[in-house]
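[1] Here is the input, now give the coordinates:
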Amino acid sequence: MTTCDRLQAGASPTTRVSEAQPRPAADGLAAHCEVIAYLDERTGAEGQKFAIGLHLRLPEAWNGRFVFQGQGGTDGVLGSGDAQPGGGQPSALNQGYATVTTDAGHSNAPGPLGGAKFGLDPQARIDFGYRADDVVTRQARQFIRAYYGRLPSYSYFLGCSNGGRHGMAITQRFPDQFDGIAAGAPAFRMPEKGLAGAASTQGFAAISPKASDGRPILAQALSQADMELLSRAIVQSCDEGDGLADGIIDNVPACRFSPRTLQCTAEKTASCLSAAQVAALENHFQGPTTAQGRRIYAPYPYDSGIATAGWRRWILGTAPDSHVNAFNVSFGATLAYLYMTPPHSPLANEAEAVYDFYRTVDVTAAHARIFGTSAAMPETSVQTISANSVDLSGFRRRGKLLLYHGISDPTFSALDTLDWYKRLTNAAGGEKETAEFARLFLVPGMNHCSGGPATDSFDVLTPLVTWVEQGRAPDSIEARAGATTPWPERSRPLCPYPRQARYLGSGSIEKAENFTCAAP
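    Alright, predicted model coming up:
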């Protein structure tokens, strides 16, 4: 067993160890060896400096296992080097796992373009898309062997959003590296989602009042009262479809809500939505198509979480003027630089320029360019960045895949993940065969990865480990509601699709033990 400060001996020839220091137990972290290293350093397009960063933590009390924590956004930050399994559980490090994170090959620069400009470099696209997952895993395992004298007995990957995309990419491209993968709200069709965000933004911007500079004030397309009106109507229409009026819509397929039921018959009032607002909402929830009618991205389900701060933060933002701060608009920079081939002509490094591009870009033309190639970028962005394949034949021989997605996710549609899972089921030979290695848990009311009127606190690592190491597949996962929900003491089972939570008919509806997972 080597000492922490001598881990350079475990580095590949193209890896530079920047830091390797023993860390005593402090700040809520168990005693461990912390390693920061950089792989494949180079200078790329427009003189940008690139390297694949690695942040590894090796606990003194190692349990013989390894966890790779995938990150959100467009990566670009090294991360904490620890993994959070959720559900109020101790971090993976504090449970004895060796843990690693990566920046996926680039460092985010300040400004609205910081998370996307790396897309001008062909190799950086590939590193972000999938290569960093491979090289970081291999290097981390070398460090683990150098430090402990052996490789981990089991390896796991956890990630939500872009982290979920990384997990799915691993099942498709590197199926022998991990025993278990938990992928939440996976961004497995990120380029197409960028176009969906543009179409949605354009629809809401068209009905927004104008600021003094002539740009739409996106946050005012819908008031908070409008959103609460919509949420109440959705719950009233769909809540009892699962047999229990409890504020949670478990039977999503049975929900047939339409915002047209709220359309004003005359002037706009507090009890109705204008025709323009209804049209903008339908544009968002139906998902975009090209001018020729080809569907680009999935529809979104109507669910109770639309009135939350999380939904507004993604779709409309809160800015009182045209300096829009909606997360959705940040996809404008990624669409221009990371998804289009060739990349769009450079944008000014200003939020207003990104907003102007996103609300005016021709979605059909942009769709063609995300499926385009060039001499410098012979892979389309869809081939490089997406993880849409359902050929998991290699992974299913060894691994287990636990998927989860919030029904009220405003950015990546739960219906897109559900469609992928159905295609996987067909490819794998049926529901029974698929359930042996992959299960999808839908979370009613939950926004993007967390939040919303939902039981959004749950542990994905423990059931994944039990499935992998003991062969017991998760037939349910207990989840708890947060303190800011209408039911802070509530717990419920999350059920593997197509089963849904059903009340047993007696006992408190606030306790998971009084529910079962049943066929719809």
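[2] All the strands of the chain, residue numbers only.
    Per DSSP state E, the chain carries strands over the ranges 15-23, 32-43, 49-59, 65-69, 98-102, 154-160, 180-184, 400-406, 438-443, 477-480, 491-494, 500-503, 515-518.
[3] who does the fourth one touch, helix- and strand-wise?
    The one in question is strand 65-69. strand 98-102, helix 132-148, strand 154-160 (3 or more C-beta pairs under 8 Å, 6 or more residues apart in numbering; DSSP states H and E). Glycine gets a C-beta too; all of them are placed from N, C-alpha and C.
[4] Report all helices and strands that the shortest one contacts.
    Looking back up the chat, that one is strand 98-102. strand 49-59, strand 65-69, helix 132-148.
[5] Chain neighbours aside, what residue packs nearest to Ala225?
    Ala270 (6.1 Å; C-beta to C-beta, 6 or more residues apart in numbering).
[6] Roughly how far does that neighbour sit from Ala11?
    64 Å (C-beta to C-beta, to the nearest Å).
[7] Which of these two has more residues huddled nearby?
    Neighbour count, other C-beta atoms under 10 Å: between Ala270 and Ala11, Ala11 has more, with 19 against 8.
[8] Assess the claim that the more buried one and Gln142 are in contact.
    Yes - Ala11 lies in contact with Gln142 (C-beta atoms under 8 Å); the separation is 7.3 Å.
[9] who's in contact with stretch 355-369?
    195, 197-199, 201-202, 205, 215-216, 218, 288, 290-292, 294, 296, 322, 324, 329, 331-332, 335-336, 339-342, 344, 347 (C-beta atoms under 8 Å, 6 or more residues apart in numbering).
[10] buried stuff in that stretch?
    Within stretch 355-369, the residues that qualify as buried are 355-359, 361, 363, 366-367, 369, counting by 16 or more other C-beta atoms under 10 Å.
[11] which one of those sits closest to Val390?
    For the buried residues of stretch 355-369, the minimum distance to Val390 (C-beta to C-beta) is 21.9 Å, reached by His367.
[12] Kindly provide the distance from the closest one to Arg165.
    From His367 over to Arg165 the distance is 19 Å, taken as C-beta to C-beta.
[13] rewinding a little: now, of the helices and strands packed on strand 65-69, which is deepest in the fold?
    strand 98-102 (a mean of 28; mean count of other C-beta atoms under 10 Å).
[14] Describe which strands that one pairs with in its sheet and in which direction.
    Strand pairing for strand 98-102, using DSSP bridges, gives strand 49-59 (antiparallel), strand 65-69 (parallel).
[15] want to throw the buried residues of stretch 355-369 into JSON lines with pLDDT and distance to His55?
    As requested, the buried residues of stretch 355-369 are exported to JSON lines (pLDDT from 0 to 100; distance: C-beta to C-beta, whole Å):
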{"residue": "Tyr355", "pLDDT": "90", "distance to His55": "33"}
{"residue": "Asp356", "pLDDT": "92", "distance to His55": "36"}
{"residue": "Phe357", "pLDDT": "92", "distance to His55": "33"}
{"residue": "Tyr358", "pLDDT": "93", "distance to His55": "32"}
{"residue": "Arg359", "pLDDT": "91", "distance to His55": "37"}
{"residue": "Val361", "pLDDT": "95", "distance to His55": "35"}
{"residue": "Val363", "pLDDT": "95", "distance to His55": "38"}
{"residue": "Ala366", "pLDDT": "95", "distance to His55": "35"}
{"residue": "His367", "pLDDT": "96", "distance to His55": "36"}
{"residue": "Arg369", "pLDDT": "95", "distance to His55": "34"}
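[16] any weak-confidence spans in the protein?
    1-2, 112-114 (pLDDT under 70).
[17] residues touching the residue most central in space within it, list them.
    Nearest residue to the geometric centre of the chain (C-alpha atoms, centre = their mean): Ser161, 1.1 Å. Residues near Ser161 by C-beta under 8 Å, 6+ apart: 72-73, 184-187, 411-412, 448-449.
[18] Give me the phi and psi for it.
    phi 70, psi -120 (degrees, to the nearest 10).
[19] With adjacent residues omitted, what lies nearest to it?
    Nearest one to Ser161, counting by C-beta to C-beta, 6+ apart, is Gly72 at 4.2 Å.
[20] Run a quick neighbour tally on the one you found.
    For Gly72, the count of nearby residues is 20 (other C-beta under 10 Å).
[21] wait, it sits on Leu158?
    No - using C-beta under 8 Å, Gly72 makes no contact with Leu158, being 11.9 Å away.
[22] now the helices for the stretch 401-520 of the chain?
    For the stretch 401-520 of the chain, the helices defined by DSSP state H, counting those that start in this stretch occupy 414-428, 431-435, 461-470.
[23] nearest to His106, of the ones you listed?
    helix 414-428 (25.9 Å).
[24] report the angle between the axes of that closest one and strand 400-406?
    150 degrees (axes from the mean of the first three to the mean of the last three C-alpha atoms, to 10 degrees).
[25] Spit out the contact partners of the residue nearest to Cys264 when sequence neighbours are not counted.
    Distances taken as C-beta to C-beta, 6+ apart place Cys272 nearest to Cys264, at 3.8 Å, with adjacent residues excluded. Cys272 sits next to 229, 262-265 when contact means C-beta under 8 Å, 6+ apart.
[26] ok, now how distant is Cys272 from Ala225?
    Taking C-beta to C-beta, one finds Cys272 at 11 Å from Ala225.
[27] Same question for Arg502.
    Counting by C-beta to C-beta - Arg502 and Ala225 are separated by 34 Å.
[28] phi, psi of the residue nearest to Cys264?
    phi -150, psi 170.
[29] What's the separation between it and Gly180?
    Using C-beta to C-beta, Cys272 is found at 49 Å from Gly180.
[30] Run a quick neighbour tally on Gln470.
    Gln470 has 8 neighbouring residues, counting by other C-beta under 10 Å.
[31] For the closest residue to Ile306 other than its chain neighbours, give me its contacts.
    Excluding its sequence neighbours, the residue lying closest to Ile306 (C-beta to C-beta, 6+ apart) is Ser231, at 5.1 Å. Neighbouring residues of Ser231 by C-beta under 8 Å, 6+ apart: 304-307.
[32] Pull out the buried residues from those.
    Buried residues within the contacts of Ser231, counting neighbours by 16+ other C-beta under 10 Å: 304-307.
[33] and which of those residues is nearest Leu440?
    Gly305 (18.5 Å).
[34] gap between the residue nearest to that closest one when sequence neighbours are not counted and Ser330?
    Leaving out its chain neighbours, the residue that sits closest to Gly305 by C-beta to C-beta, 6+ apart is Ser408, at 2.6 Å. In this view, Ser408 and Ser330 are 20 Å apart by C-beta to C-beta.
[35] One more: Tyr154?
    Taking C-beta to C-beta, one finds Tyr154 at 36 Å from Ser330.
[36] and what of Val252?
    28 Å.
[37] if you count what's nearby, which of those two comes out ahead?
    More neighbours surround Ser330 than the other of Val252 and Ser330, with 24 against 21 (other C-beta under 10 Å).
[38] just checking, that one touches Val354?
    Yes - with contact defined as C-beta under 8 Å, Ser330 reaches Val354; the gap is 7.3 Å.
[39] Run through the helices of the stretch 251-400 of the chain in chain order.
    275-286, 309-315, 331-334, 351-360, 363-370, 381-385, 393-396.
[40] Many thanks, we can stop here.
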